[in-house]
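Student: Sequence plus predicted model, see below.
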Amino acid sequence: MMADDTLLDELFLSIEAAHAALRPQVLVTPLTYSNALSASTGCQVLLKCEHLQHTGSFKFRGASNKLRLLSPADRRHGVITASSGNHGQALALAGRTLDVPVTVYTSRDASAYKRQAISAFGADLRCLDADPLSVELEAARQAKVEGKAFVSPYNDLEVIAGQGTIGMELFEQAPDLDAVFVAVGGGGMIAGIGAALRRLAPAARIIGCWPANAPSMQRALEAGEIIDVEETQTLSDGTAGGLEPGSITFPLCQRLLHDTVLVSEDQIKAAMRDIAASERWIIEGAAAVAVAGMRKLASEYQGKKVAVVLCGRNIVLEKFLGALA
């Protein structure tokens, strides 16, 4: 069942409140014009620089908003989450800033760089020999056992509202956007951006981008329900993993996405090279997915003003250099 207007209106109000309340803790990131990408695609390409956000990804927005809204008792008890890296880092820093103890469950297969960063921000890190969805379900179970609030990386309207502040900024920075390209994992970021722009810039098309190797939400949207999807290894580890059963992001994505696009690992690598060569930035695989998705659909947006969300920069240097080789 798709999200109804009442839910979307309430979510927009929550995004508005977060947009006002989270400053200056959460940065307003730049929206920069890319001469190189514009010339090579025929689109007017603007890059939303979420890789310059605190902790190197957009996730700090949702984490900060969630902890801001906790009750005093929940703050004292602390929170538990599951993360492949970026959400864990963001929640760890937000917790340190707001004096909220944070425990992060992750898979042993998660990036060692991201796991070390989570610990460095002061979180209690617990690694499991399991896939990302199983880790998420176990973390939620442990939260109940320990009587602590569970902070989902995406299946939480307060987290989604925090991510939706990207949409508020996009409208303030470029109110005449024709399309926004966003990498999708659990769907929290694109749901938040879509909910904001549905109200502020309804003509802007919201395009979800996935690695072909890890398209769980895209396949669910095709099927009309959350299904098990076999995923294979991808450079876009930040978007990998299945969807939690009953996730609120699924009906939101059903309602808010205008189009979807899948990209290959070679296309992701090429996008990473493009951004490094033209903008002199290191971006992680998930950010490159959005760039690659824009490139793949560029013929449909000739002369149009499009934004690409560079969602993060947290990638091991050797992995990044290997992708560029």
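Tutor: Perfect, thanks for sending it.
Student: What residues does residue 78 make contact with?
Tutor: 95, 100, 101, 102, 103, 148 (C-beta atoms under 8 Å, 6 or more residues apart in numbering). For the C-beta atoms, the positions are set from N, CA and C on the backbone; glycine is no exception.
Student: got the phi/psi numbers for the residue nearest to the first one when sequence neighbours are not counted?
Tutor: In this structure, residue 95 finds its nearest non-sequential neighbour in residue 102, 3.7 Å apart by C-beta to C-beta, 6 or more residues apart in numbering. Main-chain dihedrals, residue 102, degrees, to the nearest 10: phi -130, psi 130.
Student: pLDDT value on residue 102, please?
Tutor: For residue 102, the pLDDT comes out at 98.
Student: Let me see the contact set for it.
Tutor: Shown in contact with residue 102 (C-beta under 8 Å, 6+ apart): 78, 79, 80, 81, 91, 92, 94, 95, 96, 122, 123, 124.
Student: again, only this time at 10 Å
Tutor: Contact partners of residue 102, counting by C-beta atoms under 10 Å, 6 or more residues apart in numbering, are 63, 67, 78-81, 88, 90-96, 118, 121-125, 148, 151.
Student: Could you point out the helix or strand that follows the helix or strand bottoming out on mean pLDDT in the chain?
Tutor: Sorting the helices and strands of the chain by mean pLDDT, DSSP states H and E puts helix 112-120 at the bottom, at a mean of 87. Following helix 112-120 in sequence order, the next helix or strand is strand 124-128 (DSSP states H and E).
Student: Now do the buried residues in the next helix or strand after that next one.
Tutor: Sequence-wise, the next helix or strand downstream of strand 124-128 (DSSP H and E) is helix 132-146. By neighbour count on 16 or more other C-beta atoms under 10 Å, the buried set for helix 132-146 is 132, 133, 134, 135, 136, 137, 138, 139, 140, 142, 143.
Student: What strands line up against the helix or strand following helix 132-146, and which way round?
Tutor: Next along the chain after helix 132-146, taking DSSP H and E as the criterion, comes strand 149-151. In the sheet, strand 149-151 lines up against strand 79-82 (parallel) (DSSP bridges).
Student: how far is the strand it pairs with from where the chain is centred?
Tutor: Centroid separation for strand 79-82 versus its chain: 17 Å, with C-alpha atoms, centre = their mean, to the nearest Å.
Student: Show me what whichever helix or strand comes after that strand is packed against.
Tutor: Moving toward the C-terminus from strand 79-82, the next helix or strand (DSSP H and E) is helix 86-98. Applying 3 or more C-beta pairs under 10 Å, 6 or more residues apart in numbering; DSSP states H and E, one finds that helix 86-98 contacts helix 59-68, strand 79-82, strand 102-107, helix 112-120, strand 124-128, strand 149-151, helix 157-163.
Student: try 8 Å
Tutor: helix 59-68, strand 79-82, strand 102-107, helix 112-120 (3 or more C-beta pairs under 8 Å, 6 or more residues apart in numbering; DSSP states H and E).
Student: List the buried residues for the lengthiest helix in the chain?
Tutor: Counting by DSSP state H, the longest helix found in the chain is helix 5-21. For helix 5-21, a neighbour-count test (16+ other C-beta under 10 Å) marks 7, 8, 11, 12, 14, 15, 16, 18, 19 as buried.
Student: give the contact list for the last one.
Tutor: If a contact means C-beta under 8 Å, 6+ apart, then residue 19 has 165, 168, 169 as its contacts.
Student: For residue 155, see how far away it is.
Tutor: With the distance defined as C-beta to C-beta, to the nearest Å, residue 19 ends up 21 Å from residue 155.
Student: residue contacts, the residue nearest to the spatial centre of the chain?
Tutor: Nearest to the geometric centre of the chain sits residue 189, at 4.5 Å (C-alpha atoms, centre = their mean). Contact partners of residue 189, counting by C-beta under 8 Å, 6+ apart, are 58, 154, 163, 166, 182, 183, 309, 311.
Student: roughly how far apart are the last one and residue 163?
Tutor: Separation of residue 311 from residue 163 (C-beta to C-beta) stands at 10 Å.
Student: quick one: which of these two has more around it?
Tutor: Neighbour totals were compared for residue 311 and residue 163, and residue 311 leads with 35 against 30 (other C-beta atoms under 10 Å).
Student: Switch the contacts of residue 19 over to JSON lines; also include secondary structure and neighbour count.
Tutor: Listed next are the contacts of residue 19 as JSON lines, based on DSSP: H, G, I helix; E, B strand; the rest coil; neighbours: other C-beta atoms under 10 Å:
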{"residue": "165", "secondary structure": "helix", "neighbour count": "29"}
{"residue": "168", "secondary structure": "helix", "neighbour count": "22"}
{"residue": "169", "secondary structure": "helix", "neighbour count": "21"}
